[in-house]
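S.K.: need a structure here:
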Amino acid sequence: RDQPRSRGLGDVYKRQGSRYVQEYPVNIILDSLVTELGDRCPEVGDLTTKEEKKQLTRNIVIRVLFPKLIQTIQQYSSEELLKRLISLNENLIQKREELRIKTPTRIACFVSEEEQASDLMEILGKLNRTTLATRCLIEHLASGPHEGTKIISTSGIDELIAIMDQAISWAFLGDQIEYDLFDVKMGVLPSGRIGTDKKSNKEVFDPYNTSKTQENIQNAKETFNQAFPVSRERGKDVPENLDQAFNDEFGISFTRVCEFINDLGVIAYNQDSSCACLPKAELVVKVNTFDHVFSGEEIEAAINYLTLFDRGGAQNIPEGYDHFDVSPWRFNRRLSLLRKPLIAVPNQEAPDNPTFYWGFRQLLATRMYLQEQCTSGRLKVVEGGAVDKVLGKLVQQRGTALVKEVLEQVDSEDLILSLIHISEP
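M.R.: You can find the predicted model right below:
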């Protein structure tokens with residue numbers, strides 16, 4: 001029989017200790033924006049021009065929230081805060097996978113598919129916000145160390161997550177205005193808050209989230225058997241030209257990057273904490289004690305490809321990257337934790353032996369992310385480079401194969417097809 005509605009997913013995970021973006025610190029931030037903007041805040045009333053709205057969102061992010069984040073985060077030790085945030089990120093990834101794997105069984109035994117979709121939309125909304133803010137905080141810490149002495153508390157973590165969450169939200173809103181995605185209504189309210197119209201969320205994002213949730217449920221049902229594999233089947237090899245392109249551009253093949261990730265995962269799995277930690281000298285030795293042996297050059301190339309290094313501050317852009325890569329509200333960034341799951345913390349006494357931090361589940365998520373990005377051709381690399389050219393060819397080949405497969409399935413005398421020349425892959 002169905003469980004009572006009071007025991008939905010949200011309640012279940014609350015009892016298990018999950019902690020998402022907390023509304024109290026978020027409301028404190030929203031209440032203080034007008035005061036902290038000072039002279040940069042417009043008068044009470046609606047904003048009528050695009051430029052006014054852009055300037056307001058820019059000031060909120062650059063003049064208020066990012067300085068507040070820097071000031072708050074400097075109170076703590078970077079390494080201690082990294083351990084807490086990496087562990088939190090691991091927990092959030094685990095919760096997401098638990099939701100996915102329990103979806104088919106919960107539908108089969110307790111609730112309807114519609115009820116499950118409703119529960120998932122609520123819990124995934126909080127989970128996604130918290131995960132994104134947590135990852136971006138880790139990236140911020142990686143960009144420059146701090147040696148504060150304040151004790152890290154749960155409320156302190158809540159505050160940091162709330163600040164980053166709001167920075168991302170306001171910056172994302174600014175992009176909607178900048179690129180004319182929506183006609184966003186904004187204004188300063190008599191209550192002392194800055195008001196925004198939620199119409200775009202209801203008309204665009206809510207239907208999208210509903211559709212995406214239903215798609216996730218269907219995928220979870222279709223792939224449920226794969227969660228408990230009876231035998232291991234070898235997948236397809238990485239295309240040779242992609243491996244060669246990676247080797248030419250990054251000094252290591254894509255296959256070897258994945259093998260390096262696997263061995264880092266073994267190291268992390270065997271540590272006591274959900275946040276793995278090793279000095280570089282020890283990591284270099286230990287990574288060669290498992291299934292794969294790497295040369296010194298391969299290890300350096302793999303570390304460079306997979307690591308977020310100290311760059312003297314979150315606002316600094318390393319050579320070869322651009323402003324897009326250091327903006328936490330952007331998607332598909334090259335300096336993201338999804339792309340680079342290792343964090344290098346400088347060692348003042350031995351500069352050539354930094355300490356590396358990483359999470360086991362984030363490694364697996366990165367490996368899947370890189371594979372998906374390569375498969376879809378969305379992996380962000382140097383335009384016109386070796387990898388970019390190969391990815392373009394692979395996407396074209398898959399498109400051609402798909403069209404041919406569709407044509408082979410069509411068998412109707414009543415259907416007239418206008419055939420376009422399909423080049424051989």
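S.K.: Contacts only, for the residue lying closest to Gly251 once chain neighbours are set aside.
M.R.: In space, and not counting its chain neighbours, Gly251 is closest to Ala301: 3.5 Å by CB to CB, 6 or more residues apart in numbering. C-beta coordinates here come from the backbone N, C-alpha and C atoms, glycine included. By CB atoms under 8 Å, 6 or more residues apart in numbering, the contact list for Ala301 reads 250-252.
S.K.: Which of the residues you listed are buried, as a PyMOL select command?
M.R.: Buried residues within the contacts of Ala301, by 16 or more other CB atoms under 10 Å, are selected in PyMOL with:
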select buried, resi 250+252
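S.K.: Inside helices: which ones of the contacts of Ala301?
M.R.: Under the assignment DSSP state H, the contacts of Ala301 contribute Phe250 to helices.
S.K.: picking that back up, ok, and the residue nearest to Gly251, which helix or strand is that part of?
M.R.: helix 296-306 (DSSP states H and E).
S.K.: coming back round to it: next one, pLDDT for the residue nearest to Gly251 please.
M.R.: With respect to pLDDT, Ala301 scores 98.
S.K.: swap in Thr307?
M.R.: 98.
S.K.: For the helix or strand harbouring Phe356, enumerate the helices and strands it packs against.
M.R.: Element membership for Phe356 (DSSP H and E) is strand 355-359. Here strand 355-359 touches helix 78-109, helix 254-269, strand 275-279, helix 280-286, strand 342-345, going by 3 or more CB pairs under 8 Å, 6 or more residues apart in numbering; DSSP states H and E.
S.K.: Now it - C-alpha only, PDB.
M.R.: Output of strand 355-359 as PDB, limited to C-alpha atoms (Å, rounded to 0.1, in the frame of the first residue of the first chain):
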ATOM      1  CA  THR A 355      49.000  18.600  -0.900                       C
ATOM      2  CA  PHE A 356      46.200  17.200  -3.000                       C
ATOM      3  CA  TYR A 357      42.600  16.800  -1.900                       C
ATOM      4  CA  TRP A 358      39.800  15.000  -3.700                       C
ATOM      5  CA  GLY A 359      36.600  13.000  -3.300                       C
END
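S.K.: Helix or strand next in line after the helix holding Ala301, which one?
M.R.: strand 307-308.
S.K.: Not counting its own residues, what contacts that following strand?
M.R.: For strand 307-308, using CB under 8 Å, 6+ apart, the contacting residues are 139, 142-143, 335, 337, 340, 342-344, 356.
S.K.: Could you verify that Leu37 is part of a helix?
M.R.: Yes - the assignment for Leu37 by DSSP: H, G, I helix; E, B strand; the rest coil puts it in a helix.
S.K.: wait, it sits on Ile62?
M.R.: No - judged on CB atoms under 8 Å, Leu37 makes no contact with Ile62 at a distance of 11.1 Å.
S.K.: still on that earlier bit, return the alpha-carbon coordinates of the helix holding Ala301 using CSV.
M.R.: Extracted C-alpha coordinates of helix 296-306, given in CSV (Å, rounded to 0.1, in the frame of the first residue of the first chain):
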residue,chain,number,x,y,z
GLY,A,296,56.7,10.6,-14.8
GLU,A,297,55.6,12.6,-17.8
GLU,A,298,52.2,11.0,-17.8
ILE,A,299,51.7,11.6,-14.1
GLU,A,300,52.5,15.3,-14.5
ALA,A,301,50.3,15.6,-17.5
ALA,A,302,47.4,13.9,-15.8
ILE,A,303,47.8,16.1,-12.7
ASN,A,304,47.9,19.2,-14.8
TYR,A,305,44.8,18.2,-16.6
LEU,A,306,42.8,17.2,-13.5
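S.K.: same for the helix or strand hosting Glu51, what does it pack against?
M.R.: For Glu51, the enclosing helix or strand under DSSP H and E is helix 50-59. Where contact means 3+ CB pairs under 8 Å, 6+ apart, helix 50-59 is packed against helix 154-178.
S.K.: now the angle from the helix it packs on to helix 50-59?
M.R.: 160 degrees (axes from the mean of the first three to the mean of the last three CA atoms, to 10 degrees).
S.K.: What count of nearby residues applies to Ser155?
M.R.: Residues within reach of Ser155, counting by other CB atoms under 10 Å, total 10.
S.K.: Just the pLDDT for it.
M.R.: At Ser155, pLDDT is 96.
S.K.: Would you mind listing the residues in contact with it?
M.R.: Pro25.
S.K.: give me that answer again for 10 Å
M.R.: 22, 24-25 (CB atoms under 10 Å, 6 or more residues apart in numbering).
S.K.: buried sites along the helix holding Ala301?
M.R.: Those buried within helix 296-306 under the rule 16+ other CB under 10 Å are 298-299, 301-303, 305-306.
S.K.: just to revisit the earlier point, among the contacts of Ser155, name the buried ones.
M.R.: By 16+ other CB under 10 Å, these give 22, 25 as buried.
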